[in-house]
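Colleague: Give me a 3D structure for the following:
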Amino acid sequence: MLTKIPKQFYFFLAAIFILNLIQSSFTQLIFDEAYYWYYSQNMAWGYFDHPPMVALLVKISSFFFNGELGVRFMSCVLSAVNIILLWLMIDNPKKNDYIKHFFVLVFSMTLLNAYGFFTLPDTPLLFFTSCFLLTYKYFIKKPTATLAIVLGIFMAALMYSKYHAVLVIFFVLLSNLKLTTNKYAWLAVVVALFCYAPHFYWLYENDFVSIKYHLYERPNGAYSFEKYTLGFIVNLVAIFGLTFPFIYKALFKTKGNDLFNKALIYLTYGVLIFFFVSSFNRRVQTQWIIIVCIPLVIIAFNYMLQNKQALTWIFRLGLINTFLIIYLRMGLAYQPLLFNFYYESHGNKEWAKAIEDEVGGIPVVFENSYRNAPMYSFYTNATPTFSLNNFMYRKNQYSINDSEEQVRGKDVAYVSKYLNNPTFTYTREDGGLYKGKYITNFQSNRKLDCIVEDTPVALNTEENIDLKIYNPYQEDIDLKKLKFAITYMDDYKSPVETLQMTPESTQTGITFLKQQDTTNFIFQLPKTKKENIGYFRVVISENDLLYGLNGKAIPIK
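Modeller: Residues are numbered from 1 along each chain as shown. This is a model prediction of the structure:
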């Protein structure tokens with residue numbers, strides 16, 4: 001099968017692969033990549049925000065290279081193989097005469113291009129979508145047990161990449177409901193569930209923290225047409241650049257004459273409609289719709305081979321896209337090419353080194369920044385770091401792992417934008433300011449869990465509310481060192497007001513929270529004059545730190 005691919009194809013492929021390797025080596029990490037690098041330092045079957053596939057890619061890359069390429073190498077490999085898979089899914093016999101047109105089409109897709117070297121959860125998602133679709137293409141021609149097992153493995157790999165992968169599986173199934181009566185299709189499902197069982201168990205062990213975050217706790221805001229729905233429409237253009245009119249025209253013109261084309265069409269429309277509807281509730285990030293690039297490469301190229309006008313215009317506009325993308329990619333590595341624009345890949349090594357020169361080898365605690373903490377670790381080889389999350393932020397991987405234990409009781413450098421009298425500062429070239437101070441014998445207890453029954457509570461009443469505080473630490477905690485408060489939030493869980501309160505123990509003489517035990521309290525909600533309160537959260541401040549994220553959001557009547 002691979003031997004039938006012309007040599008010219010491999011020349012283009014090698015050029016892209018080498019370009020991605022060079023780009024990976026000379027472009028500093030972006031913050032999400034640093035975060036996923038941090039994942040890979042402690043391999044697990046799951047992480048707070050995502051399944052573990054992205055961490056696995058980073059870990060494998062680190063076996064071959066150091067530095068940025070040690071994070072991105074496998075992304076370069078997967079993107080190259082993905083292009084081969086896309087080519088194999090195109091059956092038109094004329095395709096060998098239009099290899100350069102195919103590569104211009106693929107390379108001109110902005111996000112598909114970017115994920116050729118960035119290591120993000122969407123990188124394996126794109127690759128395994130192609131693996132899944134190619135296997136499905138053969139499966140519908142002649143279902144066998146072997147193909148069913150391979151299909152099941154790729155379904156699991158999709159879900160190990162990103163939870164959005166369920167859309168790929170669902171819409172392909174929707175395009176061919178006869179699969180529900182196919183014994184080999186059910187075998188594929190059983191294999192997928194078996195392969196995915198370790199992640200299910202991890203979710204169970206961690207109180208389904210990832211699912212709860214994505215479904216209930218992600219930041220949101222009031223609906224804005226410009227920010228949400230119009231933003232979604234702009235994203236539809238952005239992922240294809242100048243070629244977008246012809247690519248969507250190809251989609252409109254393509255008929256589902258066979259089961260494979262039907263699957264491609266259902267997958268594309270299904271994802272677009274799903275996120276269009278979602279745009280009335282929250283902002284749809286551009287990468288969430290990147291899945292459609294895979295079916296649309298196949299649809300658009302087949303259409304190009306049948307329509308000379310589309311072939312000509314996609315090639316011409318694709319070339320313009322290509323030149324623009326190459327220039328922007330150069331700017332990712334060398335900021336002056338972008339004039340006054342600074343991207344995430346600019347200046348990280350410099351600020352990390354500047355802080356290290358200031359603080360020496362002591363641990364660094366970053367308040368409210370799961371982005372800065374791993375970036376600092378990556379570029380200084382400094383461990384440990386910790387992201388201390390307060391009530392104005394959100395939980396993340398630092399909330400559930402053992403990173404807090406690595407800094408408790410130690411002298412640390414504390415970096416926070418909330419400091420009024422910092423001991424040291426550093427200003428980035430883009431204007432960002434880091435403010436820090438030194439803390440001896442740093443003590444935080446961010447894993448104290450405030451448990452309140454999840455039933456709506458009336459505001460401004462004197463009703464007693466039951467509170468259970470679980471202390472997961474290996475030591476008793478003196479209540480005198482703790483301050484309690486209620487954070488009132490709006491309907492979108494953004495903090496509105498934080499008011500101190502003092503819970504009363506249900507037992508007399510309680511002065512400590514016993515180690516690995518639960519202590520019972522009662523409290524009353526402090527009265528507030530604020531309006532449009534939707535939720536409240538019980539929060540704790542320890543050792544005069546800002547209040548943490550100790551309880552979940554409880555609805556207000």
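
Colleague: So which residues of the stretch 451-557 of the chain form strands?
Modeller: Along the stretch 451-557 of the chain, counting by DSSP state E, counting those that start in this stretch, strands occupy 465-471, 477-478, 482-489, 495-501, 504-505, 512-513, 517-523, 535-542, 554-555.

Colleague: now the last one, how far from the chain's geometric center?
Modeller: It stands for strand 554-555. Chain-centre distance of strand 554-555: 26 Å, with Cα atoms, centre = their mean, to the nearest Å.

Colleague: Of the strands of the stretch 451-557 of the chain, flag the one that's most buried.
Modeller: With neighbours taken as mean count of other Cβ atoms under 10 Å, those reach their highest mean count in strand 535-542, at a mean of 23. Any C-beta I mention is one placed from the backbone N, CA and C, and that applies to glycine too.

Colleague: report the angle between the axes of that strand and strand 495-501?
Modeller: 60 degrees (axes from the mean of the first three to the mean of the last three Cα atoms, to 10 degrees).

Colleague: any chance of the strands of the stretch 451-557 of the chain in CSV, with mean pLDDT and distance to residue 345 too?
Modeller: What follows is these, written out as CSV (pLDDT from 0 to 100; distance: least, Cβ to Cβ, whole Å):
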stretch, mean pLDDT, distance to residue 345
strand 465-471, 96, 41
strand 477-478, 96, 42
strand 482-489, 96, 34
strand 495-501, 95, 31
strand 504-505, 94, 52
strand 512-513, 96, 44
strand 517-523, 96, 46
strand 535-542, 96, 35
strand 554-555, 93, 40
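
Colleague: Quick check: end-to-end length of stretch 247-264?
Modeller: Length of stretch 247-264, first residue to last, Cα to Cα, to the nearest Å: 14 Å.

Colleague: Mind listing residues that contact that stretch?
Modeller: Residues outside stretch 247-264 that contact it (Cβ atoms under 8 Å, 6 or more residues apart in numbering): 89, 133, 136-137, 140, 171-172, 175-176, 236, 240, 265-266, 268-269, 295-296, 298-300, 302-304, 307, 310, 314.

Colleague: Out of the strands of the stretch 451-557 of the chain, which gets nearest to residue 442?
Modeller: Closest to residue 442 of these is strand 535-542 (Cβ to Cβ; 10.6 Å).

Colleague: and that closest one with strand 482-489, angle?
Modeller: Angle, strand 535-542 to strand 482-489, by the same axes, to 10 degrees: 150 degrees.

Colleague: what's the span of stretch 509-522, first residue to last?
Modeller: Termini of stretch 509-522 sit 15 Å apart (Cα to Cα).

Colleague: before we move on, the earlier item: buried only: go through the contacts of stretch 247-264 for me.
Modeller: 89, 133, 136-137, 140, 171-172, 175-176, 236, 240, 265-266, 268, 295-296, 298-300, 302-304, 307, 310, 314 (16 or more other Cβ atoms under 10 Å).

Colleague: Could you grab the helix/strand/coil label for residue 143?
Modeller: Under the three-state scheme (DSSP: H, G, I helix; E, B strand; the rest coil), residue 143 adopts coil.

Colleague: what's near enough to touch it?
Modeller: Residues near residue 143 by Cβ under 8 Å, 6+ apart: 182, 184, 185.

Colleague: since we're on the last one, how many residues are nearby?
Modeller: When neighbours are counted by other Cβ atoms under 10 Å, residue 185 registers 20.

Colleague: average pLDDT across the helix or strand encompassing it?
Modeller: Assigned by DSSP states H and E, residue 185 falls within helix 183-205. Across helix 183-205, pLDDT averages out at 98.

Colleague: Point out the other helices and strands that the helix or strand just after it packs with.
Modeller: Remark: after helix 183-205, the chain's next helix or strand is helix 209-212, criterion DSSP H and E. On a contact count with 3 or more Cβ pairs under 8 Å, 6 or more residues apart in numbering; DSSP states H and E, helix 209-212 meets helix 183-205.

Colleague: Only alpha carbons, please: show the helix it packs on as PDB.
Modeller: What follows is helix 183-205, C-alpha atoms only, in PDB (Å, rounded to 0.1, in the frame of the first residue of the first chain):
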ATOM      1  CA  LYS A 183     -21.300  -8.300  15.800                       C
ATOM      2  CA  TYR A 184     -17.900  -7.000  14.800                       C
ATOM      3  CA  ALA A 185     -18.900  -3.500  15.500                       C
ATOM      4  CA  TRP A 186     -19.900  -4.600  19.000                       C
ATOM      5  CA  LEU A 187     -16.500  -6.400  19.300                       C
ATOM      6  CA  ALA A 188     -14.900  -3.000  18.500                       C
ATOM      7  CA  VAL A 189     -16.800  -1.400  21.300                       C
ATOM      8  CA  VAL A 190     -15.900  -4.100  23.800                       C
ATOM      9  CA  VAL A 191     -12.200  -3.800  22.900                       C
ATOM     10  CA  ALA A 192     -12.400   0.000  23.200                       C
ATOM     11  CA  LEU A 193     -14.000  -0.200  26.600                       C
ATOM     12  CA  PHE A 194     -11.400  -2.700  27.800                       C
ATOM     13  CA  CYS A 195      -8.500  -0.500  26.600                       C
ATOM     14  CA  TYR A 196     -10.100   2.500  28.200                       C
ATOM     15  CA  ALA A 197     -10.800   0.800  31.500                       C
ATOM     16  CA  PRO A 198      -7.600   2.100  33.200                       C
ATOM     17  CA  HIS A 199      -8.700   5.700  32.600                       C
ATOM     18  CA  PHE A 200     -12.300   5.000  33.900                       C
ATOM     19  CA  TYR A 201     -10.700   3.600  37.000                       C
ATOM     20  CA  TRP A 202      -8.500   6.700  37.400                       C
ATOM     21  CA  LEU A 203     -11.600   8.900  37.100                       C
ATOM     22  CA  TYR A 204     -13.300   6.900  39.800                       C
ATOM     23  CA  GLU A 205     -10.300   7.100  42.100                       C
END
